[in-house]
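# I'll drop the sequence and a predicted model, then ask my questions.
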Amino acid sequence: MAEEHGLRVDAAGFETAMEEARQKSRAAGKKTGAGGLRFEAEATGWLQNQSIPLTDDSPKYSNADVSAKVLAILTPGSTFVDSTAAAVEAAGGAESVPVGLVLDTTSFYAESGGQVGDTGSIVGPSGQTVDITDCQVAAGYVLHVADASSCSSSGHIAVGHSVTVKVDYGRRGQIVPNHTFTHVLNFALREVLGDHVDQKGSIVLPDKLRFDFSNNGPVDPAQLAKVESICREWVTADKAVTSKEVSLAQAKAIKGLRAVFGEVYPDPVRVVAIGKSVDELLANPDADDNMASSVEFCGGTHLINTAQAKAFALLSEEGIAKGVRRIVAVTADDAAAAIAEGERLARDVEQAAALPDTHLEKALVPLKSAVDVAVIPAATKAEIRDRIAALIKRAMDAAKAAAAANKEAATAAAVAAADEAVAAGQGYVVLQLQVGVDPKAVTEAWGVIEKKHGDKVAALFVSVDEVEGKALAYAGVPAAVSSKLKANEWVNSALAVLGGKGGGKPTAAQGQGSNVDKAAEALQVAEQFASMKL
């Protein structure tokens, strides 16, 4: 349609704009808490009009409880109340009563820069406690989101109360290594893929990190393995993590700095460095060896050194938009568990590889399914899948070779039996072959006999596959003899014993049954049938 009007569609630009719109939509959604709690311009404007000071959140970089004062309590509809009790009363007995507490100071990290907000609790002067389930920031005010109805058992919290702010440091302890290793991952991607890699977004959660970056096409398993290897090397290297607020101009002058394209940064800006310290980088910003350190603008919480992450595992890599890829990774105990599971599955595959070729494919089927759903490093998963594919090919090649050998041996045995029958003046041969339930093999055996002996002999074969629990019966009769001995009737005499039923023509017929233990009896019945007809 665009071409009809002489227009050109900028597909790449459209994809980029759509991704930006999605990010803005998600960001806007985060300003809305449970039950319609909105922390936007109307609410922050009210706080400013009441001359409520901005929240001092500098304690967020330490792991210590702080004393604070409650300055405001927000409820749905951007209205403010004096206490959580008033919020519950206004809600008219609702099961859940969302509120947002604004304090003069806090040790909570409010969601920003991709890092999820802290959770924890706020304890009032008489021990009354409210659980904080989320933490957001807008216009310099930090909002501690809670359910006011949960205060009923311990007492309510009111504006003016002196409180103790308690972050869930166990949860934050899971978040921090994931944030530090988004920086390490960013560095490793640049090292492996090149300087074209730009961060397009990230989310840091307690159980994983997600990192979006620019790259045309998938990152192949070998490259992913190298990226993961660099990240793991940084864990064992025990590299120092330092941070400092410096002027934006000074920070931008550091060689090797990584910043999010299009992002507006404050001045001064917080610099987080892994490797060289921020002071060392500022002292010699043009040094070439600065490129060996990770240097980014970031307001998030971080480790003191990379060894605290304990382990790193890159779980997946996928495309999310044109020219944009996404990696999901884990650290610490989650990474160690993923690595251990990958090693276990690799051992299981090698144990299967030691099995005879005839049993290999059956053993690999459940392993393949287990690998597909396993939470293990992506590079390890690719290696195991390649190994399984090679083993399946080995099993299939062996099966083909065995089938060809069995077919050749079966044909030779069938022809030899037919030769003996013709020499003895007998017009039929009944024989058990060892070709499983391969109809092609028995058909070929009959074809060789018919070509050699013409209308001198008819043949019936039975073959059993005990693993599959099936028995095959096949009858071939020369046309000149088929008026006396019909192949379809002959084969059904054997199949009646084998527990099956067959079909075909008077000259050729076959069928299968399940009584694999009655092959000898079926052959005996077939021989009696032929002797009566000929």
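Noted; the coordinates are in hand.

# what about residue 471, which helix or strand?
Residue 471 is part of strand 470-476 when elements are defined by DSSP states H and E.

# ok, then the element right after that strand?
Past strand 470-476, the next helix or strand by DSSP H and E is helix 487-498.

# could you list the buried residues of that following helix?
Within helix 487-498, the residues scored as buried using 16 or more other Cβ atoms under 10 Å are 487-488, 490-498. Any C-beta I mention is one placed from the backbone N, CA and C, and that applies to glycine too.

# reformat these as TSV; add pLDDT.
Below are those laid out as TSV (pLDDT from 0 to 100):
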residue	pLDDT
487	97
488	97
490	97
491	97
492	97
493	97
494	97
495	97
496	97
497	97
498	97
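
# quick check, nearest of those to residue 264?
Nearest to residue 264, judged by Cβ to Cβ, of these is residue 498 at 80.6 Å.

# circling back: what's the angle from the strand holding residue 471 to helix 487-498?
160 degrees (axes from the mean of the first three to the mean of the last three Cα atoms, to 10 degrees).

# re earlier: tell me which two of the buried residues of helix 487-498 sit farthest apart.
Within those, two members stand farthest from each other by Cβ to Cβ: 487 and 497, at 16.8 Å.

# kindly indicate which of the buried residues of helix 487-498 lies nearest residue 311.
Nearest to residue 311 among these, with distances taken as Cβ to Cβ, is residue 498, at 58.5 Å.

# which residues does that closest one contact?
462, 471, 473, 512-516, 518-519, 522 (Cβ atoms under 8 Å, 6 or more residues apart in numbering).

# can you give me the end-to-end span of stretch 326-338?
Start-to-end span of stretch 326-338 (Cα to Cα, to the nearest Å) is 19 Å.

# now that stretch, how far from the centre of its chain.
Chain-centre distance of stretch 326-338: 11 Å, with Cα atoms, centre = their mean, to the nearest Å.

# go on, stretch 442-459?
Chain-centre distance of stretch 442-459: 56 Å, with Cα atoms, centre = their mean.

# quick one on the thing from earlier: could the buried residues of helix 487-498 go into a markdown table alongside distance to residue 66?
Output for these, formatted as a markdown table (distance: Cβ to Cβ, whole Å):
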| residue | distance to residue 66 |
| --- | --- |
| 487 | 93 |
| 488 | 92 |
| 490 | 94 |
| 491 | 89 |
| 492 | 90 |
| 493 | 93 |
| 494 | 89 |
| 495 | 86 |
| 496 | 89 |
| 497 | 88 |
| 498 | 83 |
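
# closest one to residue 243 out of these, please.
Among the buried residues of helix 487-498, residue 498 lies closest to residue 243 (Cβ to Cβ), at 79.1 Å.

# quick one: least confident helix or strand in the protein?
One helix or strand of the chain scores below all others by mean pLDDT, DSSP states H and E: helix 11-30, with a mean of 46.

# in ChimeraX, select just the buried ones from the contacts of residue 498.
Per 16+ other Cβ under 10 Å, the buried members of the contacts of residue 498 correspond to this ChimeraX selection:
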select :462,471,473,512,513,515,516,518,519,522
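
# give me the subset of the contacts of residue 498 lying in helices.
519, 522 (DSSP state H).

# for the contacts of residue 498, give me a markdown table that also has pLDDT and distance to residue 246.
Formatted as a markdown table, the contacts of residue 498 follow (pLDDT from 0 to 100; distance: Cβ to Cβ, whole Å):
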| residue | pLDDT | distance to residue 246 |
| --- | --- | --- |
| 462 | 97 | 87 |
| 471 | 97 | 83 |
| 473 | 97 | 87 |
| 512 | 97 | 81 |
| 513 | 97 | 84 |
| 514 | 96 | 81 |
| 515 | 97 | 85 |
| 516 | 96 | 81 |
| 518 | 97 | 88 |
| 519 | 96 | 87 |
| 522 | 97 | 90 |
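
# ok, the nearest residue to residue 96 once chain neighbours are set aside - how many residues close by?
Counting by Cβ to Cβ, 6 or more residues apart in numbering, residue 96 lies nearest to residue 147, which is 5.5 Å off, once chain neighbours are set aside. By other Cβ atoms under 10 Å, the residues close to residue 147 number 21.

# then the one 4 residues further on?
The burial count assigned to residue 151 is 24, neighbours taken as other Cβ under 10 Å.

# now do it against residue 130, distance only.
As defined by Cβ to Cβ, to the nearest Å, residue 151 lies at a distance of 5 Å from residue 130.

# now do the shared contacts for these two.
With Cβ under 8 Å, 6+ apart as the test, residue 151 and residue 130 both reach 84, 157.

# which residues in the stretch 301-450 of the chain form helices?
Secondary structure of the stretch 301-450 of the chain (DSSP state H, counting those that start in this stretch): helices at 332-353, 357-373, 378-423, 439-453.
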